[in-house]
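> the following comprises the amino acid sequence and a computationally predicted model.
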Amino acid sequence: MSAPAVSARLDRLPITRRHRFALVAVGIGMFFDLYEVFLAGTLATVLSTDFGVTGTNQKLVLASAFVGAFIGAVTLSRLADRLGRRRAFFLTLGVYSLFSVLAGFSVNVEMLIICRFVAGIGIGAELPLCDAYLSDLLPARVRGRMIAWAYTLGFCGVPVAGFLARAITPHTILGLAGWRWMFILGGLGALLCWLMRRGLPESPRWLESMGRHDEADAVVHTFEDAARHEHPGTRLPEPVPVPAAATRREPFRALFRRPWRRRTVMLWIFQLLQTFGYYGFGSLVPLVLAAKGYDVVTTLTFSALTFLGYPIGSALSIPLIERVERKTLIIAAALGMMVLGLGFGYATSGALIVLLGVAYTIVSNLFSNGLHVYQGELYPTTLRATGAGSAYSLSRLATAVMPFVLIPLLDSAGPNAVFAAIALAMVLLAVDVAVLGPRTTGRSLDEITAQR
């Protein structure tokens, strides 16, 4: 059976319970990735008073998980293209779960930094791996919309981190400070997701690309059987047996060969710049609010309210993602983030701060969902996780460096200078995508990867 036959069979399927189960299992993993990403920023002010985390140590606590995530995104994404998406899923959440729990029992700041670093390695490849897996599995006509649903579930982790911090960090529970429970609960929740993912099939496109034709056929058959059972009367393509093709393993350097070189350059520049607008805002909002003169409780309250925009923006992308060209959506949202970020930096009243913060996070998640759908579509199956993961690793590395750049800028020049830097990054990003990015909306993965 040829690779186009597998692709055609997957693309013609109606959505079934098996698709929805995969979406939920992947979305819950995204939940804990995003919970972890915004956890340190949410707790930054608490740790400075309760655990003595100040100065360089404060920057290291913020950066450690992202340095680990850089390493994880490079290595585990490559592993997903070599050993399979399913195996990589187990490794990412398993490592994160263990070391997140250990972080909650840290005896000093050095242990906390090390545990967050290793937890970051575990979860670093989670989002690009999710992008690759769902892109492999979902029919072309609903690929963007379904991935947006998964991210909407995932982005619920951001306000959960915010409101949970607001609720439990002022208290001691079972002899442990509330901030410790933030790490413990994240690790235990990820463990439950790890168990749930045991029911996921391997990507049939990946199996086919590795020459494992019978296994790919068997996985597609399970989806076809589910479609016949849930949608009686639906006509599905019959499998067409042909001689097996040779197994293909693409080296990392293939990302820099034609025709992938242009896309790789675009995506690497994109990921370095988007960090300032997306993670820069989410990670530094509590510190920005503290710089504006608000106390810890008020800062956590404002942060939690602002973080409500993450799932709302993700949900709003669902009806748009298949109607608007991906690159157009990304560019428009980036420019919207530029305007709203500048407004947030200059705002002084509490009501306006919350309003602009929520508006910023709503627009940033139109941006983010467009980004994650887009990066999962740009490469062939044998390079999909490697291409997305290597580029995404740069965003994690840039996020690790960001506290050492933006916090000193915040301390010396104030919030306005921070958001001016973010605005510049968003303008450069929009130019990058406009000039170098291909069009992908509504096209099959085979058609997209055939573009030159």
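The structure has been received and is ready for your questions. Since the model is a prediction, treat every value here as computed from it, not as a measurement.

> I figured residue 91 was touching residue 75, is that so?
No: contact between residue 91 and residue 75 fails when scored by CB atoms under 8 Å: they sit 9.9 Å apart. Where you see a C-beta, it was placed from the backbone N, CA and C, and this is true even at glycine.

> show me which of those two is the more surrounded one.
Of the pair residue 91 and residue 75, residue 91 is the one with more neighbours under other CB atoms under 10 Å, namely 20 against 17.

> let me see the contact set for that one.
Neighbour list for residue 91: 76, 79, 122 [criterion: CB atoms under 8 Å, 6 or more residues apart in numbering].

> which of those sits closest to residue 145?
Nearest to residue 145, judged by CB to CB, of the contacts of residue 91 is residue 76 at 27.1 Å.

> and the pLDDT for residue 195?
Per-residue confidence (pLDDT) for residue 195: 85.

> next one: residue 112
At residue 112, pLDDT is 84.

> in a strand, it, correct?
No: Residue 112: not assigned to a strand; according to DSSP: H, G, I helix; E, B strand; the rest coil it is helix.

> quick one: which helix or strand includes the nearest residue to residue 427 once chain neighbours are set aside?
Distance criterion CB to CB, 6 or more residues apart in numbering; nearest residue to residue 427, sequence neighbours excluded, is residue 338 at 6.4 Å. In this assignment (DSSP states H and E), residue 338 forms part of helix 326-346.

> list the contacts of residue 77.
For residue 77, the contact set (CB under 8 Å, 6+ apart) comprises 88, 125, 128, 129, 132, 385, 386, 388, 389, 390, 392, 393.

> what's the distance between the fifth one and residue 383?
In this view, residue 132 and residue 383 are 10 Å apart by CB to CB, to the nearest Å.

> of those two, which one has the most company?
Comparing residue 132 with residue 383 by neighbour count (other CB under 10 Å), the higher total belongs to residue 132, at 31 against 24.

> that one reaches residue 376, doesn't it?
Yes: judged on CB under 8 Å, residue 132 makes contact with residue 376 at a distance of 5.5 Å.

> give the residues shared as contacts by these two.
Counting by CB under 8 Å, 6+ apart, the contacts common to residue 132 and residue 376 are 384, 388.

> the residue nearest to residue 427 contacts residue 421, doesn't it?
No: under the criterion of CB under 8 Å, residue 338 makes no contact with residue 421, lying 11.0 Å away.

> would you map the strands across this structure?
Secondary structure of the chain, counting by DSSP state E: strands at 172-173, 176-177.

> which other helices and strands does the first one contact?
If I follow you right, that is strand 172-173. Taking 3 or more CB pairs under 8 Å, 6 or more residues apart in numbering; DSSP states H and E as contact, there are no helices or strands that strand 172-173 lies on.

> parallel or antiparallel, list what pairs with that strand.
In the sheet, strand 172-173 lines up against strand 176-177 (antiparallel) (DSSP bridges).

> out of the strands of the chain, deepest packed?
Across those, the average number of neighbours (mean count of other CB atoms under 10 Å) peaks for strand 176-177, which reaches a mean of 16.

> now do that one: distance to the chain's middle.
Relative to the centre of its chain, strand 176-177 is centred 30 Å away, using CA atoms, centre = their mean, to the nearest Å.

> in the stretch 51-200 of the chain, which spans are helices?
Using DSSP state H, counting those that start in this stretch, the helices found in the stretch 51-200 of the chain span residues 55-83, 85-104, 109-123, 126-137, 143-155, 157-168, 178-196.
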